[in-house]
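1. Quick one, what's the 3D model for this:
(one chain, ligands or ions: 1)
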Amino acid sequence: MERYARSSAVAVIRLRNPPVNALSVEVLQALEDGLKKAEADPSVKAIMICGENGKFSAGADIRGFSTPKRHRVALGPIVSLIESSEKPVVAAIEGIALGGGLEVALGCHYRLAHVKAQMGLPEVTIGLLPGAEGTQRLPRLIGVPAALDMITTGKHIPATEALKLGLVDEIVEENTIEAAIRLANKVIGQPLGPRRLSLKPVPKLPNTDAFLREALAKVKKQARGFLAPELCFQAVKAATERPFAEGVRRERELFQRLLSSEQARALQYAFFAERAVSRDHLSLAPSPLPGTLLSDVYIYTGLGTMGQGIATSLVKAKIPVVALEQDLEYLNKGRKAVMGLLEREAMKMEGGAQTLDFHNPARLQFTVDFDLLSDVDLVIEAVFEDMALKKEIFHKLSKICKPGALLCTNTSALNIDEIASATSRPQQVIGTHFFSPAHVMRLLEIIYGRHTSPTAIATAMQLAKALKKVGVVVGNCFGFVGNRMMFPYVEQAVFLLEEGSRPEAVDQALEDFGFKIGPFRMSDLAGLDVGWRSRKGQGLTGPSLPAGTAARQRHGQRYSPLPDLLCERGRFGQKTGKGWYQYEKAGGRTAVPDPWLHSFLSQYRDSHGIKTRYIDQEEILERCLFSLINEGFAILAEGIASAPEHLDVIYINGYGWPKHRGGPMFYASTVGLPHVLAKLQKYSEAHPDVPKLRPSAFLKKLVAAGNPPLKEWMSYLSRQSPKL
Ligand SMILES: CCCCCCCC/C=C\C=C\CC(=O)SCCNC(=O)CCNC(=O)[C@H](O)C(C)(C)COP(=O)(O)OP(=O)(O)OC[C@H]1O[C@@H](n2cnc3c(N)ncnc32)[C@H](O)[C@@H]1OP(=O)(O)O
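-> From the prediction side, this is the model:
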């Protein structure tokens, strides 16, 4: 506790724990001590709580949740202590007040925030609920619908919205601390009863029961097996049904249930994994990164779907862009699409189009003039996946661009070294695999080639950061990390159809597991023709396939021609109105099981002498997931990625893997590597012609080593890529 000024009647309690003033045991203890001291000091007439370094607090120290129980200090009683103080307590909220940080503020009698502050109860995103009485106080302050929304989604809200909701009493543009002191002085001596949220009733709704029923249905639908949102709901519901103290007891009970859950452990692992992965390599970037200065320019070529998203993403990050296309027709089409995307993005932002300023040619210009590339710092090429075309472009770039320019290729599978070989500066060539839609998806896979320099890698990582994406650096191999792990997963899904399953059964099993979208719905969305083109390119199907090749064999391994057969019938998915499902029209979005496909599958099985069998959910999950995980172990062993966390971050952010399961490698660690190995052995014996089911040597090694924790896996490998 300190005094604002020597003779001030306002005691100041400053939360101090850099970088985000997380509420560690020590901070909580100091907060309690400070409160008691201020309470006992007759010269103190009011108390102000603020955070060090322009941040109130990011909430409980998340690392503390995995420490043994006896070391924990409860926050709820401290919040009660604040509220019951006989002296007015004012929260001065700067920067962030999240989780337990906001709960501390809710215990205060007054809340004043800086206009740029953000507030929220994001506990749900780490598998918890606000466990310091926040689920009982917030509905009393801002009403049940708004509280439920904040608590079940975990969203951060800006101070301006917080003011409208009544979450804060006042917002200020100038010095928050001084304004809070003024407020504290003003309210000395005023009655505190009406300011104590625990004493307030929860505002009544016209039809609380109906509202809660609908809200629960919505929460359950979005959660897909994720427990925390539903328990958050239950805690808020308790506030509508019970007196404060009983509601708090219910909140504690639910909090304890979540605290000991595997899902909370998974989400907290994912939280730290993402931050650790994003930090990698950054230190080698030139500072400041060219292009983060507004006078510099990023240029990018190709205005197809990916290019449109990339351009939008760059403009959103306030990076000046020159968008290049091969001819005016494509340029005009691309321009229209990009402008449309930007209009929509601007509508979601405060300040709208003015903030993005994309009509300003200094921010975004469109051209067909390749010579404009001579002075740019960074190029992102985003033409379609055609090696010859990419090499031609890189050859040109290498000639035109200034010596230091970084040359990025947006590719999902092509060989970076081969692309780099078309240039005279392979050390500056790097893969940047954006995910569609590129202005929405958070993942950026960054692929280094044999000659890519550490500075180039670091610069690409900094680009990811500037775009607010999660950059993950990986090595160069077919499909890199994400798609390479996806191949066996999709392969199994199709094999399951051959053996007796249906697309809707496979999708359902994986969506129940928590995937946003199953493999067949995903394939229909992405377009079956994409994979078909690639398989034709690899000589697996199409005219280059040698005559007499067995329909279901390629290079001595099992192959399913099912996706090719659908493409030959013009069934490309949503875009043609038919794929693995049928749709209301070409371009339709609602997938409906298709009787035609069911009978096509029966005929297919008959014609190949396959006996249809019932395949249960367990087998669907095990074959799809364990083959994907198996590939992950192979990737780690080859040094294509530097740690299992990298694979997990890729899967959560780019492939819709359910975050509450922590990523595929974390999931493998939770079900146990011996179990994964045993299942792979079983399926591999049943399908000896499927190499991707054969357990990887690294997985076997880890099992033989006694199933060590994930953090130790990499220590069992002797060799690591020097660039990772
Ligand atoms: C022993 C513990 C006592 C526990 C008391 C138990 C009482 C139970 C009652 C109440 C329970 C309350 C629950 C909570 O409050 S849970 C926490 C809720 N808060 C959050 O989820 C916020 C998480 N943080 C963020 O969203 C962001 O980090 C943000 C604060 C917005 C800052 O973002 P950004 O500027 O992009 O910076 P970074 O994300 O890179 O973070 C910087 C470093 O700070 C670390 N960090 C952030 N938040 C926490 C946290 N709450 N606990 C511990 N560490 C945190 C983060 O990991 C970065 O560090 P590093 O790079 O080393 O990983």
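2. Lys465 reaches Gly471, doesn't it?
-> Yes: using Cβ atoms under 8 Å, Lys465 is in contact with Gly471, at 6.8 Å. From N, CA and C alone the C-beta is placed, and that goes for glycine too.
3. which of those two has more neighbours?
-> A direct count of neighbours by other Cβ atoms under 10 Å for Lys465 and Gly471 places Gly471 higher, at 25 against 19.
4. Kindly report the residues of this protein close to the ligand.
-> Contact residues (Cβ under 6 Å from any ligand atom) of the chain with the ligand: 19-20, 22, 24-25, 58-64, 72-75, 96, 98-100, 122-123, 126, 128, 131-132, 272, 275.
5. what stretches of the stretch 201-350 of the chain score poorly on pLDDT?
-> 281-298, 300 (pLDDT under 70).
6. mind listing the strands in it by residue range?
-> Using DSSP state E, counting those that start in this stretch, the strands of the stretch 201-350 of the chain run over residues 298-301, 321-324.
7. and these as TSV, adding mean neighbour count?
-> Below are the strands of the stretch 201-350 of the chain laid out as TSV (neighbours: other Cβ atoms under 10 Å):
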stretch	mean neighbour count
strand 298-301	24
strand 321-324	24
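8. quick one, which of the ones you listed is nearest to Cys477?
-> Proximity of the strands of the stretch 201-350 of the chain to Cys477 was assessed by Cβ to Cβ; the nearest stretch is strand 298-301, lying at 25.0 Å.
9. Which neighbours do Lys465 and Gly471 have in common?
-> Counting by Cβ atoms under 8 Å, 6 or more residues apart in numbering, the contacts common to Lys465 and Gly471 are Ser278.
10. Tell me, how many residues neighbour the residue of the stretch 201-350 of the chain found nearest the ligand?
-> Nearest to the ligand, among the residues of the stretch 201-350 of the chain, is Arg275, at 3.9 Å (Cβ to the nearest ligand atom). By other Cβ under 10 Å, the residues close to Arg275 number 12.
11. go on, Ile177?
-> Using other Cβ under 10 Å, the number of residues around Ile177 comes to 18.
12. Which of the residues of the chain next to the ligand fall within strands?
-> When DSSP state E is applied, the residues of the chain next to the ligand are split such that Ile96, Leu98 fall in strands.
13. Return the members of the residues of the chain next to the ligand classed as buried.
-> The neighbour count (16 or more other Cβ atoms under 10 Å) marks 20, 22, 58-62, 73, 75, 96, 98-100, 122-123, 126, 128, 131-132 as buried among these.
14. rewinding a little: for the residue of the stretch 201-350 of the chain closest to the ligand, which residues are in contact?
-> Applying Cβ under 8 Å, 6+ apart, no residues qualify as near Arg275.
15. Tell me the spacing between it and Asn630.
-> 27 Å (Cβ to Cβ, to the nearest Å).
16. Repeat that for Thr670.
-> Applying Cβ to Cβ to Thr670 and Asn630 gives a distance of 16 Å.
17. Who has more neighbours out of the two?
-> Asn630 (27 against 14).
18. Got phi/psi on the more buried one?
-> phi -60, psi -40 (degrees, to the nearest 10).
19. which residues touch the residue nearest to it when sequence neighbours are not counted?
-> Nearest-residue entry for Asn630: Ser696, 5.3 Å, with adjacent residues in sequence omitted and distances by Cβ to Cβ, 6 or more residues apart in numbering. The neighbours of Ser696, taking Cβ under 8 Å, 6+ apart as the test, are Asn630, Glu631, Phe633, Ala634, Ala637.
20. Does Gly527 touch Trp580 like I think?
-> No: with contacts counted by Cβ under 8 Å, Gly527 stays clear of Trp580, the gap being 11.7 Å.
21. Look up the residues that both of those two are in contact with.
-> Common contacts of Gly527 and Trp580 (Cβ under 8 Å, 6+ apart): Gly573.
22. Looking at those two, which has the bigger crowd around it?
-> Taking neighbours as other Cβ under 10 Å, Gly527 and Trp580 compare with Trp580 leading, 29 against 17.
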